[in-house]
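**Student:** this one's sequence-less:
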Ligand code: ASP
């Protein structure tokens with residue numbers, strides 16, 4: 001049986017058993033004590049491998065490119081595609097939210113009562129930054145501190161590019177031992193990923209069962225149904241656009257793309273983190289989509305942190321939605337401000353669960369959203385965020401895989417189409 005079927009069965013059984021367990025206190029405790037740890041360990045192992053995997057696969061990829069000009073071509077195209085898909089997603093979100101107006105006519109008082117989690121805004125402050133702050137944060141001042149922090153993947157990428165480009169600049173004979181070492185290390189990392197993937201059906205079972213016993217009051221979901229539906233519609237559009245574009249731009253059969261990234265999508269769904277899913281995304285892009293490893297090892301790690309199409313879609317929909325709820329009118333310049341800040345927010349968002357909600361503060365502040373209403377706005381969005389975050393992560397990693405196919409084709413003329 002192929003791995004995506006096994007994972008799917010794990011998801012369904014997890015939902016089912018989790019639902020049954022949620023009916024009794026004994027069931028809830030059993031899941032929390034004995035099943036939840038399995039999922040937690042899985043996510044930890046996935047994250048554990050992310051930094052070394054990014055370092056060795058990116059270093060190997062750049063060493064294999066041999067040519068720094070090729071690297072800048074690859075880098076330029078990757079960033080270009082990421083910007084394009086991000087801005088497209090923000091605009092799509094604005095179009096849908098203005099068309100369907102999910103926030104008009106909602107009863108704020110009732111929402112306030114239903115959304116019980118209170119937000120501590122102090123935690124979310126300090127997210128706004130200057131225009132070049134992103135680049136400043138990308139450069140590490142201590143490589144070991146960066147390697148020791150999963151949230152600093154961009155710093156690791158910066159160091160790896162510097163390291164590998166310098167490697168290419170030294171005489172070929174001196175390069176050889178390091179290149180050999182990196183190749184062996186890369187093989188070991190990929191083996192670890194294989195082991196993790198083989199274990200994933202059990203882990204997603206545990207994650208889904210835990211989700212079911214910890215689920216919130218369903219009333220809030222129906223109150224915010226319109227918002228959720230508009231966001232889901234936007235994500236469905238993105239998921240349709242990727243394979244179609246991959247076919248027209250890189251000649252990849254639609255079903256090859258859809259089937260190829262399925263295992264990664266399922267891991268994304270259950271972990272809610274592009275970063276945790278990264279090892280599986282990379283494996284799927286190389287093995288199933290046939291994109292060259294040197295492209296994947298460059299495009300996917302950067303994409304996991306920088307390219308979050310569904311997160312940018314969510315920024316624009318959520319921002320306009322909360323304005324509609326409180327009756328805060330948005331002018332055209334306000335909406336244009338949303339395009340810019342939502343793009344920056346999704347680029348700056350960490351690839352972890354609910355990062356999108358945190359970045360929403362920055363977007364709302366930029367349009368002068370009344371600060372006394374900010375806690376209510378975030379509380380509402382957060383109340384239904386768990387399932388939406390899961391879906392966002394699926395779309396985010398699909399977007400990264402799509403860009404790897406297109407960039408791979410245009411830089412190396414990859415095997416993907418065959
Ligand atoms: N959880 C998402 C991701 O890791 C980020 C977000 O939209 O909150 O891709």
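**Tutor:** Yep, that arrived. From a predicted model like this one, the values you see are computed outputs, not experimental measurements.

**Student:** quick one: contacts for residue 302?
**Tutor:** If a contact means Cβ atoms under 8 Å, 6 or more residues apart in numbering, then residue 302 has 78, 82, 154, 157 as its contacts. Glycine gets a C-beta too; all of them are placed from N, C-alpha and C.

**Student:** now check the host helix or strand of it, is it near the ligand?
**Tutor:** Using DSSP states H and E, residue 302 falls within helix 293-306. No - Helix 293-306 lies apart from the ligand when judged by Cβ under 6 Å from any ligand atom; the minimum separation is 7.4 Å.

**Student:** name the helices or strands packed onto whichever helix or strand comes after that helix?
**Tutor:** Remark: after helix 293-306, the chain's next helix or strand is helix 309-326, criterion DSSP H and E. Judged by 3 or more Cβ pairs under 8 Å, 6 or more residues apart in numbering; DSSP states H and E, helix 309-326 is in contact with helix 68-100, helix 108-114, helix 225-250, helix 332-348, helix 355-366, helix 374-383, helix 385-412.

**Student:** quick one: average confidence on helix 309-326?
**Tutor:** Looking at helix 309-326 alone, the average pLDDT works out to 94.

**Student:** ditto for stretch 18-27
**Tutor:** 93.

**Student:** what about that stretch, distance to the chain center?
**Tutor:** Centre-to-centre, stretch 18-27 and its host chain are 31 Å apart (Cα atoms, centre = their mean, to the nearest Å).

**Student:** go on, stretch 12-19?
**Tutor:** 25 Å.

**Student:** Contacts for it, please.
**Tutor:** Under Cβ under 8 Å, 6+ apart, the answer for stretch 12-19 is 31, 204, 205, 206, 207, 208, 209, 210, 211, 212, 213.

**Student:** Need these in JSON lines (columns: pLDDT and neighbour count).
**Tutor:** Below are the contacts of stretch 12-19 laid out as JSON lines (pLDDT from 0 to 100; neighbours: other Cβ atoms under 10 Å):
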{"residue": "31", "pLDDT": "94", "neighbour count": "23"}
{"residue": "204", "pLDDT": "93", "neighbour count": "27"}
{"residue": "205", "pLDDT": "96", "neighbour count": "26"}
{"residue": "206", "pLDDT": "95", "neighbour count": "24"}
{"residue": "207", "pLDDT": "93", "neighbour count": "27"}
{"residue": "208", "pLDDT": "93", "neighbour count": "24"}
{"residue": "209", "pLDDT": "94", "neighbour count": "30"}
{"residue": "210", "pLDDT": "93", "neighbour count": "23"}
{"residue": "211", "pLDDT": "89", "neighbour count": "22"}
{"residue": "212", "pLDDT": "89", "neighbour count": "19"}
{"residue": "213", "pLDDT": "89", "neighbour count": "21"}
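
**Student:** Tell me which two of these sit farthest apart.
**Tutor:** 204 and 213 (15.3 Å; Cβ to Cβ).

**Student:** who are the neighbours in contact with the closest residue to residue 381 other than its chain neighbours?
**Tutor:** Of all residues not flanking residue 381 in the chain, residue 318 sits nearest, at 5.1 Å (Cβ to Cβ, 6 or more residues apart in numbering). By Cβ under 8 Å, 6+ apart, the contact set of residue 318 is 227, 231, 356, 357, 360, 381.

**Student:** which one of the residues you listed sits closest to the ligand?
**Tutor:** residue 356 (3.2 Å; Cβ to the nearest ligand atom).

**Student:** if I look at that closest one, how far off is residue 363?
**Tutor:** Using Cβ to Cβ, to the nearest Å, residue 356 is found at 10 Å from residue 363.

**Student:** for stretch 250-259, the distance to its chain's centre please.
**Tutor:** That offset, for stretch 250-259, works out to 21 Å (Cα atoms, centre = their mean).

**Student:** Nearest residue to the middle of this protein?
**Tutor:** residue 274 (3.6 Å; Cα atoms, centre = their mean).

**Student:** Distance of it relative to the ligand?
**Tutor:** Going from residue 274 to the ligand by Cβ to the nearest ligand atom, to the nearest Å gives 3 Å.
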